Every structure is written in structure tokens, then in C-alpha cells.
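# Here is a sequence together with a model predicted from it:
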Amino acid sequence: MVRPKSKVEAGLQNKGFKKTEGDHHYFVYITLDGKVTTVKTKTSHTPKMKDIPDNILSLMAKQCRLNKSNFLDLIDCPLRREDYETKLKKNGDIV
């Protein structure tokens, strides 16, 4: 199940991840009350990489403290930001 890189990046930003540039595109989760967290992931700058393959999506899910199915729901929009943050709090990933 590949996903377009642009859709993954937009989905992350729509759900509270702030994008910064470096050797990769970095995404750090900012809570609803504006706190920076340690929940983060990244995508490649490589222009020829238009789609993110399944194995990388699995790694990104793990970095975002979700299983792959929930991560895809986060990107595709069924998982609301509020529900994602509740999951992070329940698992002790954020305070």
C-alpha cells in the first residue's frame, strides 16, 4: 500500500505536525495546546520519490507511535487529531 509523498506530508501537517527542513523533511507533533513533543517522523527530499512504499510507511507509523493501520487512518483522515492526541496521552507518549 503505497501513498503519495505529498498526501502523507499534507496529512501529517493537517493533524498537528510541524514541518521543518534539514537533510530530510522533518515533522514534529505539536499538541493542541501548543507544546512541542518528541513524536516525530521524516520524509526524503529526493524529488524522484513520489510515493512512499509500504515498508517506509510502517517505519513512519512506529515513529508516530501508531500501528500502520492507525497511521494510514491519520493520513487519510478518519483518525481525528483529537483522537490521535488521546492515544498518545493514553500510551504515555505525551503528557
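It's in.
# Quick check: mean pLDDT of the longest strand seen in the chain?
Looking across the chain with DSSP state E, the single longest strand is strand 36-43. Averaging pLDDT along strand 36-43 gives 96.
# name the helices or strands packed onto that strand?
Using 3 or more CB pairs under 8 Å, 6 or more residues apart in numbering; DSSP states H and E, the elements in contact with strand 36-43 are helix 5-14, strand 25-30, helix 54-63. Every residue, glycine included, has its C-beta placed from N, CA and C.
# okay, now residue 91: neighbour count?
Applying the criterion other CB atoms under 10 Å, we find 10 residues in the vicinity of residue 91.
# Please state the backbone phi and psi of the residue lying closest to it once chain neighbours are set aside?
Spatially, and ignoring its direct neighbours in sequence, residue 91 is nearest to residue 65 (6.3 Å; CB to CB, 6 or more residues apart in numbering). Main-chain dihedrals, residue 65, degrees, to the nearest 10: phi 60, psi 40.
# Since that was my last question, I'll sign off now.
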